[in-house]
Structure formats: structure tokens, C-alpha cells
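A.B. asks: What follows is a predicted protein model with its sequence.
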Amino acid sequence: GNLVSFGGASVAENAYFVNGFNISNFRNGLDPASVPYELYNDFEIKTGAYSAEFGRSTGGVINTTTRSGSNEYKAGANFYYSPDAGRWNSPDVWYVNDAGVNTPYIYNKRDHADSWQSNVYASGPLWKNRVFFYGLYQLRDSKREDVTSEGTRFSKSYSKDPFWGAKIDIIPFDGHRLEYTGFRDERRSTGESLNYTMATGAVSGTPSISYADRGGTTHIGRYTGTFFEKLTLSAMYGTSTQNRTSSGTDDALPFIYDGRSGSLVYVQGNPSLQVSTASDKRKAMRADAEFPFTLLGSHRLRAGVDREDNLSKDNTKYSGDLYYRYYAIPASRTINGAPVPAGATAAVRTRIYRNGGSFQVKSDAWYAEDNWTTMSNRLVMRLGLRGESFENLDAQDKTFIKVTNQLAPRLGASYDLDGEQKTKLFAKVLTSVSPEGKRLLVVDSAWTEPVLRASRNIVISDEKPVEVVGLTDHLVIDNRVTNTAVVLPLTKVD
């Protein structure tokens with residue numbers, strides 16, 4: 001993907017901040033809110049022994065601020081286009097399947113990708129010296145085509161939802177600033193899956209359409225003020241809603257993969273396998289203080305508290321509430337020690353997955369640190385301590401994990417050996433609190449995965465499916481070799 005890894009951590013272990021507000025995906029650490037480059041003013045990339053101000057991350061921290069207006073009116077626009085003509089497709093990969101047929105494993109010749117985006121932005125004063133604005137509107141469009149499922153399916157996807165962002169700065173009086181930042185990155189990616197004929201390159205059939213709804217709206221309010229010339233106080237409150245829904249036109253059809261050839265071939269159901277109605281909501285607040293003073297060098301003393309309340313709602317299941325995967329009968333004519341009845345030509349595994357409810361994670365933290373520079377600016381030290389607490393609540397709003405007072409020292413130092421800023425020694429001690437509370441812990445779900453155990457192995461004959469062992473009064477979809485599905489009752493085998 002487009003995510004970066006820091007210090008040996010995975011791409012899911014980073015934290016992303018915009019104007020002090022965490023925009024990370026707290027379900028899995030991936031796919032943070034999507035913000036165009038034109039909205040940003042500056043970036044800080046923090047790795048190693050970074051400040052005790054930041055936590056809930058074992059990788060890196062990407063800390064950003066957005067652009068603001070000034071007393072000068074400004075406006076601009078740009079356009080970026082990435083045509084398919086400038087791309088080079090990777091080579092195809094073929095293999096010989098179990099039937100001895102040369103089959104495409106990865107087929108890239110029909111790959112096509114095309115995207116463009118355009119940005120319009122403006123800034124200036126609403127009230128000179130006191131109120132300023134910055135606004136951005138982005139149009140974007142992306143398309144992609146691909147041949148999948150051993151050259152039997154043609155897939156195309158597209159997305160074209162716009163983005164908007166705005167920043168308002170108010171200076172009620174000197175030394176004090178109020179800020180509002182808002183943006184909307186809601187988007188829908190639409191995918192279509194159709195029949196594909198390798199010999200002729202023909203695309204046919206009625207498409208199975210899937211939708212991935214992502215993104216949402218974020219609001220951030222912030223205050224910064226200076227008191228007694230040196231003391232700086234700041235406070236932030238923000239909310240974010242994110243859509244995580246996946247749906248499609250074939251959601252009512254059970255999902256089927258046919259693996260009798262040795263690899264999985266899509267037959268029917270939502271091409272994404274799972275369908276879900278899901279959303280995330282984050283509420284975050286923080287307060288910080290900073291005070292510089294001089295004592296055996298210069299000090300910058302900082303302290304603060306923050307709180308996050310993350311709520312997820314989820315109702316996820318397989319397409320059609322059931323997943324079938326067909327297999328060829330092994331030469332031994334046994335599956336997990338169970339004999340296969342005479343005349344049976346294939347086996348099928350069934351899976352059921354259901355997850356639903358409302359799940360919540362509450363996180364609290366405090367920190368204190370001193371940034372101390374001494375010995376004529378040759379020795380620089382960062383001495384910090386962070387404390388974190390997590391509480392996870394299930395769908396019944398009951399606590400099932402609660403961890404308090406996790407202490408994480410953050411110590412770092414650099415020493416200039418010759419005083420000429422050419423050769424330095426560095427040392428650091430970083431303790432990262434386990435991010436259990438950062439991830440959404442899902443409970444109250446149902447998961448049945450027989451994994452070809454004899455009690456859940458269903459054998460398909462040419463006429464009707466029959467059961468190997470147990471599992472009476474069950475229905476199985478017998479698609480045989482075609483793409484049609486007929487629901488037939490099982491016949492019990494003693």
C-alpha cells in the first residue's frame with residue numbers, strides 16, 4: 001500500500017495527527033483519514049525516542065498542521081493526471097492445474113489504471129488582523145480494470161467523490177488564537193465483476209457490483225494562549241466519523257469459491273466475500289502547558305493530559321450468510337480419515353461468520369517532560385515520562401479489559417563532541433506502552449470454520465450432495481461445473 005514503516009514496526013503501528021487530533025484508523029491501524037497534500041502546512045516525522053507527548057504507537061508519529069490564511073488574499077489551482085499509457089504491466093504468471101491445463105495464475109495484460117485529481121484553494125482575511133480563512137476543494141477520479149480468478153472474471157473499480165477542507169483562525173486579542181479545522185473525505189469505491197473469456201477477451205454477463213464506503217467528516221477545535229509572557233496553554237477537542245460499510249448487489253447470495261482445479265475460482269456472491277454495515281466514531285480532547293526557564297542551562301518544561309473515546313458499530317457476515325469452498329476429491333478417497341462415498345466427485349467446506357454490536361475503547365494519558373540544553377548548547381537532553389490507561393467495553397457496555405497506570409519513560413540525549421556541530425553522540429531510552437487499547441477488540445461474534453473436518457465435510461455427487469459424517473438437516477449449494485446454484489437437501493450417510 002501507500003503506508004510507511006518506521007523502526008522495524010509494521011505499517012499498522014503508526015499514529016497520524018492533524019492539528020493535535022488523531023486521524024488513525026483505530027480498528028487496525030491502517031487507512032487513516034485521507035487528506036490532500038494541499039491542505040497541509042508542515043510535517044513532523046517522529047521516530048525513536050520521541051516526545052512523551054505522543055503515545056499509542058510503537059512505530060512512528062506523523063504530526064501535521066494545516067494551512068491558515070493571512071492578511072493577503074491568495075488563490076490557486078492544480079491538476080494531476082496519471083494515465084495508463086505511462087504504466088508498464090508486470091509479466092503474466094501461468095501454472096499447470098490439477099487437470100493438466102496451462103492456466104493463468106496472475107494475468108496482467110488486461111490491467112488498466114487511470115486517475116486524475118484537481119485542487120482549487122483560496123485564503124485570506126475575513127477581518128484584517130483578526131479572522132482568517134483557508135479553503136480547499138478537490139475533485140478526484142480513479143479507474144482500474146483487471147482479469148482475475150484464473151482468467152474467468154473481469155473486474156473493474158472506480159471512485160470519484162470530492163474532498164473539501166476548511167480552516168478558520170480567530171485572534172480575539174494578542175497572544176491568543178482560536179482555530180477550527182474541518183474536512184470531509186467520504187468516498188465510495190465501486191467494483192464490478194463480470195464473466196471473462198480468455199480465448200476471445202470477451203466480457204459478458206450481468207455484473208456483480210460491490211461498494212466500499214469509506215471516510216467521513218472530521219471537526220477540530222483548538223485554543224492557544226500565552227500568559228505572563230512565558231506560560232503557554234493550549235486545549236483541543238475534536239470528533240470524527242468514519243464509514244466502514246461494504247455492500248453489493250449480490251449480498252443475498254452465498255459466497256462460492258471453486259477450488260477443484262487447484263486454485264480458487266469465484267462463482268457467486270459479493271466479490272468482497274464479506275458484507276458489513278459499520279462505522280467508527282472518535283472523540284478526543286487534550287490540554288497542554290509549556291513553560292521555559294533558565295537554570296544550569298535552558299529548559300522547556302511541558303506537561304499535558306489527553307483522552308480518546310473510540311466507538312465502533314459493526315454488523316458483518318459472509319455474503320448470503322454462508323461461504324462454500326469446493327475441493328477435488330484426493331486420490332486416497334479419504335478426507336481427514338473419513339471414507340468418501342462411491343460416485344462422489346467433489347467436497348465442499350462451509351463457513352459461517354457473524355459479528356455484530358457496538359464496541360468501545362476509552363484511553364487516558366498524561367505526560368511531563370523537560371527539554372534541557374546545557375554546556376554551551378553542546379548537551380541536549382529530553383527527560384520525559386508518560387502514563388497511559390485503557391478500558392475496553394463490549395457490546396453490552398461491560399468492561400472486559402482495563403489497564404491503568406502504564407508508565408513509559410522517554411529519555412534521550414545528544415552530545416556535541418567538538419562544539420562545532422559536526423560530531424555527536426546520541427543515546428536514548430524509549431518505552432512504548434502496548435497499544436492494546438488502540439485497537440478495537442471485537443467480541444460477541446460467531447465464527448464457524450470446519451476446515452475440512454469429517455463432521456463438516458460435505459461431498460458432492462453428480463446428482464445430489466450427500467453428507468460424509470453427521471451434520472444433518474443442512475443445506476448445501478451445488479453449483480457443479482456451472483455458475484448456477486441450486487439448493488438441495490443433504491442425504492445422511494450412516
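C.D. replies: Now that the structure is in, tell me what you want to look at. Quantities reported herein were computed from a predicted structural model and do not represent experimental measurements. Residues are numbered from 1 along each chain as shown.

A.B. asks: only C-alpha atoms for contact and neighbour calcs from this point on.
C.D. replies: Will do.

A.B. asks: in the stretch 201-350 of the chain, which spans are strands?
C.D. replies: 202-227, 231-248, 255-258, 265-268, 274-294, 298-318, 323-328, 334-335, 338-339, 344-374 (DSSP state E, counting those that start in this stretch).

A.B. asks: What are the buried residues along the first one?
C.D. replies: When you say that, I think you mean strand 202-227. 203, 207-226 (16 or more other Cα atoms under 10 Å).

A.B. asks: So which of the strands of the stretch 201-350 of the chain is the most surrounded?
C.D. replies: Across these, averaging neighbours per residue (mean count of other Cα atoms under 10 Å) puts strand 255-258 on top, at a mean of 25.

A.B. asks: who does it pair up with?
C.D. replies: strand 265-268 (antiparallel), strand 323-328 (parallel) (DSSP bridges).

A.B. asks: TSV for the ones you listed, including mean pLDDT and distance to Asp114?
C.D. replies: Formatted as TSV, the strands paired with strand 255-258 follow (pLDDT from 0 to 100; distance: least, Cα to Cα, whole Å):
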stretch	mean pLDDT	distance to Asp114
strand 265-268	84	25
strand 323-328	80	33
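
A.B. asks: and Ser234, which of these is closest to it?
C.D. replies: Nearest to Ser234 among the strands paired with strand 255-258 is strand 323-328 (52.1 Å), distances taken as Cα to Cα.

A.B. asks: helices or strands next to the helix or strand containing Phe426 in the packing?
C.D. replies: Following DSSP states H and E, the helix or strand that holds Phe426 is strand 424-430. If contacts are counted by 3 or more Cα pairs under 8 Å, 6 or more residues apart in numbering; DSSP states H and E, strand 424-430 sits against strand 399-416.

A.B. asks: Can you check what angle separates the strand holding Phe426 from strand 399-416?
C.D. replies: 170 degrees (axes from the mean of the first three to the mean of the last three Cα atoms, to 10 degrees).

A.B. asks: Might you quantify the distance of strand 424-430 from its chain's geometric centre?
C.D. replies: 33 Å (Cα atoms, centre = their mean, to the nearest Å).

A.B. asks: For stretch 351-366, give the mean pLDDT please.
C.D. replies: Mean pLDDT, stretch 351-366: 88.

A.B. asks: can I have that stretch written out in PDB, keeping just the CAs?
C.D. replies: Taking Å, rounded to 0.1, in the frame of the first residue of the first chain, the C-alpha atoms of stretch 351-366 are listed here in PDB:
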ATOM      1  CA  ARG A 351     -18.000 -21.400   6.900                       C
ATOM      2  CA  ILE A 352     -20.300 -19.100   8.900                       C
ATOM      3  CA  TYR A 353     -19.100 -15.700  10.200                       C
ATOM      4  CA  ARG A 354     -21.200 -13.200  12.100                       C
ATOM      5  CA  ASN A 355     -20.000 -10.200  14.000                       C
ATOM      6  CA  GLY A 356     -22.300  -7.500  15.400                       C
ATOM      7  CA  GLY A 357     -22.600  -5.000  18.100                       C
ATOM      8  CA  SER A 358     -21.200  -1.800  19.500                       C
ATOM      9  CA  PHE A 359     -17.600  -1.800  20.800                       C
ATOM     10  CA  GLN A 360     -15.800   1.000  22.700                       C
ATOM     11  CA  VAL A 361     -12.300   1.800  23.800                       C
ATOM     12  CA  LYS A 362     -11.500   4.600  26.300                       C
ATOM     13  CA  SER A 363      -7.900   5.800  26.500                       C
ATOM     14  CA  ASP A 364      -6.500   8.300  29.000                       C
ATOM     15  CA  ALA A 365      -2.900   9.600  29.200                       C
ATOM     16  CA  TRP A 366      -0.700  12.200  30.900                       C
END
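
A.B. asks: distance of Phe132 from Ala75?
C.D. replies: For Phe132, the distance to Ala75 equals 14 Å [Cα to Cα, to the nearest Å].

A.B. asks: higher neighbour count, the two?
C.D. replies: Between Phe132 and Ala75, Phe132 has the larger neighbour count (other Cα atoms under 10 Å), namely 23 against 12.

A.B. asks: re earlier: now the strands of the stretch 201-350 of the chain in TSV, with distance to Arg56?
C.D. replies: Shown next, in TSV, are those (distance: least, Cα to Cα, whole Å):
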stretch	distance to Arg56
strand 202-227	20
strand 231-248	17
strand 255-258	37
strand 265-268	39
strand 274-294	13
strand 298-318	11
strand 323-328	36
strand 334-335	46
strand 338-339	49
strand 344-374	9
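
A.B. asks: which stretch in those is the model least sure about?
C.D. replies: strand 338-339 (a mean of 70).

A.B. asks: which residues touch the strand holding Phe426?
C.D. replies: Outside strand 424-430, the residues within contact range by Cα atoms under 8 Å, 6 or more residues apart in numbering are 48-50, 408-417.

A.B. asks: of those, buried ones?
C.D. replies: Looks like the contacts of strand 424-430 have Gly48, Ala49, Tyr50, Ala408, Pro409, Arg410, Leu411, Gly412, Ala413, Ser414, Tyr415, Asp416 buried, using 16+ other Cα under 10 Å.

A.B. asks: List the residues that contact the second one.
C.D. replies: Residues near Ala49 by Cα under 8 Å, 6+ apart: Arg410, Leu411, Gly412, Lys428, Val429, Leu430.

A.B. asks: Please tell me how far it sits from Thr399.
C.D. replies: In terms of Cα to Cα, Ala49 sits 32 Å off from Thr399.

A.B. asks: swap in the last one?
C.D. replies: Distance from Asp416 to Thr399, counting by Cα to Cα: 50 Å.

A.B. asks: what does the third one give?
C.D. replies: According to Cα to Cα, Tyr50 and Thr399 sit 31 Å apart.

A.B. asks: Adjacent strands (with direction) for the strand holding Phe426?
C.D. replies: For strand 424-430, using DSSP bridges, the partner strands are strand 399-416 (antiparallel).

A.B. asks: from the middle of its chain, how far away would the strand it pairs with be?
C.D. replies: 25 Å.

A.B. asks: could you check the angle strand 344-374 makes with it?
C.D. replies: 50 degrees.

A.B. asks: And the contacts of strand 399-416?
C.D. replies: Here strand 399-416 has contacts from 49-52, 378-394, 422-433, using Cα under 8 Å, 6+ apart.

A.B. asks: Show the average pLDDT along that strand.
C.D. replies: 90.

A.B. asks: do stretch 38-52 as well
C.D. replies: Mean predicted lDDT for stretch 38-52 stands at 88.

A.B. asks: partners of Val96 in the sheet?
C.D. replies: Asn102.

A.B. asks: Distance check, Ser5 against Ile62.
C.D. replies: To Ile62, Ser5 is 11 Å away according to Cα to Cα.

A.B. asks: tell me, what's touching the two both at once?
C.D. replies: By Cα under 8 Å, 6+ apart, the residues touching both Ser5 and Ile62 are Asn14.

A.B. asks: If we ignore the residues flanking it in sequence, what's nearest Asp251?
C.D. replies: In space, and not counting its chain neighbours, Asp251 is closest to Ser319: 5.0 Å by Cα to Cα, 6 or more residues apart in numbering.
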